[in-house]
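**Q** sequence and predicted structure below; questions after.
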Amino acid sequence: MRCTIIDMSNKVLEHIAKKYDAVRKGVKSVMGGKVLEYEAKTIRNEGLEEGMEKGIRGTVSILKKRNIPPQAIQAQIQEQYDLSPEESKKYL
């Protein structure tokens, strides 16, 4: 998707800034930069974070129902979800 956006932007830019080489180069550097944020990407990332939260909370809930000690739960979610001790503590 990123490549498509960049290609389309470049085509539009070529037509709009034909006579202005400096403008064309400047816009290309911004549009083709290392970070191209767009709404769909932001929504996707927020969805991934929300899904991760639900997954961790569900895991903790199941382990608590099985009477697993909190220290063991914390150790397991730290390992499984690559969390720091501080991050994992908030789920207990």
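**A** Everything's here; your move.
**Q** give me the residue at the spatial middle of the protein.
**A** Nearest residue to the geometric centre of the chain (CA atoms, centre = their mean): Asn45, 3.6 Å.
**Q** quick check: buried residues in the helix or strand harbouring Lys64?
**A** In this assignment (DSSP states H and E), Lys64 forms part of helix 39-65. By 16 or more other CB atoms under 10 Å, the buried positions in helix 39-65 come out as 56, 59-60, 63. Every residue, glycine included, has its C-beta placed from N, CA and C.
**Q** for burial, what's the neighbour tally of Gln76?
**A** Gln76 has 15 neighbouring residues, counting by other CB atoms under 10 Å.
**Q** OK, contacts around it?
**A** 59, 63, 68 (CB atoms under 8 Å, 6 or more residues apart in numbering).
**Q** switch to 10 Å and redo it
**A** By CB atoms under 10 Å, 6 or more residues apart in numbering, the residues touching Gln76 are 59-60, 63, 68, 88.
**Q** tell me the residue in the chain that is farthest from the middle.
**A** The chain, CA atoms, centre = their mean, max distance from centroid: Lys19 (38.2 Å).
**Q** for this protein, give me the ranges with low pLDDT.
**A** Flagging of the chain using pLDDT under 70 yields the residue ranges 1-2, 6, 24, 28-38.
**Q** quick one: secondary structure of Leu83?
**A** When classified by DSSP: H, G, I helix; E, B strand; the rest coil, Leu83 comes out as coil.
**Q** count of neighbours near it?
**A** For Leu83, using other CB under 10 Å, the count is 17.
**Q** need the contact list for the closest residue to it other than its chain neighbours.
**A** Excluding the flanking residues, the one nearest Leu83 by CB to CB, 6 or more residues apart in numbering is Ile77, at 6.1 Å. Neighbour list for Ile77: 55-57, 59-60, 63, 83, 87-89, 91-92 [criterion: CB under 10 Å, 6+ apart].
**Q** distance-wise, check Ile77 relative to Lys89.
**A** Counting by CB to CB, to the nearest Å, the gap between Ile77 and Lys89 amounts to 10 Å.
**Q** what's the overlap in contacts for these two?
**A** Leu83.
**Q** alright, I will stop here.
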